[in-house]
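1. Prediction below, plus the sequence it came from.
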Amino acid sequence: MLSIGDTILQLRKQHNLSQSELADKINVSRTIIGNYERNTNTPSIDVIIKLARVFGVTVDFLIGESDNSSFDMDIVERINDIQKMDKQTKDVLFNVMDTYIQNFKTKKAFSK
């Protein structure tokens with residue numbers, strides 16, 4: 001499991017942000033971002049929330065906790081939307097998803 005500093009560094013690079021640009025977005029100094037990335041300082045919960053918003057991930061993802069920590073915000077939002085659906089709509093959606101998942105698994109099995 002990655003440390004929070006490693007995760008911040010990876011996400012910052014994925015978003016093509018410099019330490020200064022990230023610092024400006026969350027209202028801290030560039031030095032603080034460097035300290036987080038080197039794991040010499042740990043961000044406060046307020047900063048973690050700001051970082052999660054900037055990167056479009058959940059706090060769980062950022063800190064590497066929970067069963068869903070690998071989910072990005074797009075997946076989490078879709079899961080939340082699905083939970084709001086009526087049973088019949090969910091059943092139809094799950095049938096479609098199951099078909100695609102099975103197709104993916106079959107292709108993967110035969111490509112080995």
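-> Perfect, I can see it now.
2. how about the strands in the protein?
-> Shown for the chain, no strands are assigned by DSSP state E.
3. which regions of it sit below the pLDDT cut-off?
-> Along the chain, the parts satisfying pLDDT under 70 run over 1, 66-72.
4. 80 instead?
-> Counting by pLDDT under 80, the chain contains low-confidence ranges at 1-2, 64-74, 76, 112.
5. ok, and what's touching stretch 98-112?
-> Outside of stretch 98-112, no residue comes within contact range by CB atoms under 8 Å, 6 or more residues apart in numbering. Just so you know, the C-beta spots here come from the backbone N, C-alpha and C atoms, and that holds for glycine as well.
6. same question, stretch 45-55
-> With CB under 8 Å, 6+ apart, stretch 45-55 has contacts from 4, 8, 11, 14-15, 22, 25-28, 43, 58-59, 61-63.
7. need the longest helix for this structure.
-> Longest helix in the chain by number of residues, with DSSP state H as the criterion: helix 87-110.
8. Pull the distance from it to the chain's centre.
-> 23 Å (CA atoms, centre = their mean, to the nearest Å).
9. Same check on stretch 27-37?
-> Centre-to-centre, stretch 27-37 and its host chain are 20 Å apart (CA atoms, centre = their mean).
10. Tabulate the CA atom coordinates of that stretch in CSV.
-> Taking Å, rounded to 0.1, in the frame of the first residue of the first chain, the C-alpha atoms of stretch 27-37 are listed here in CSV:
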residue,chain,number,x,y,z
ASN,A,27,-4.1,27.2,-0.2
VAL,A,28,-0.8,25.9,1.3
SER,A,29,2.8,26.5,0.4
ARG,A,30,4.8,24.6,-2.1
THR,A,31,7.2,23.6,0.7
ILE,A,32,4.3,21.9,2.5
ILE,A,33,3.4,19.9,-0.6
GLY,A,34,7.0,18.7,-0.9
ASN,A,35,6.9,17.7,2.8
TYR,A,36,3.7,15.7,2.2
GLU,A,37,5.2,14.0,-0.8
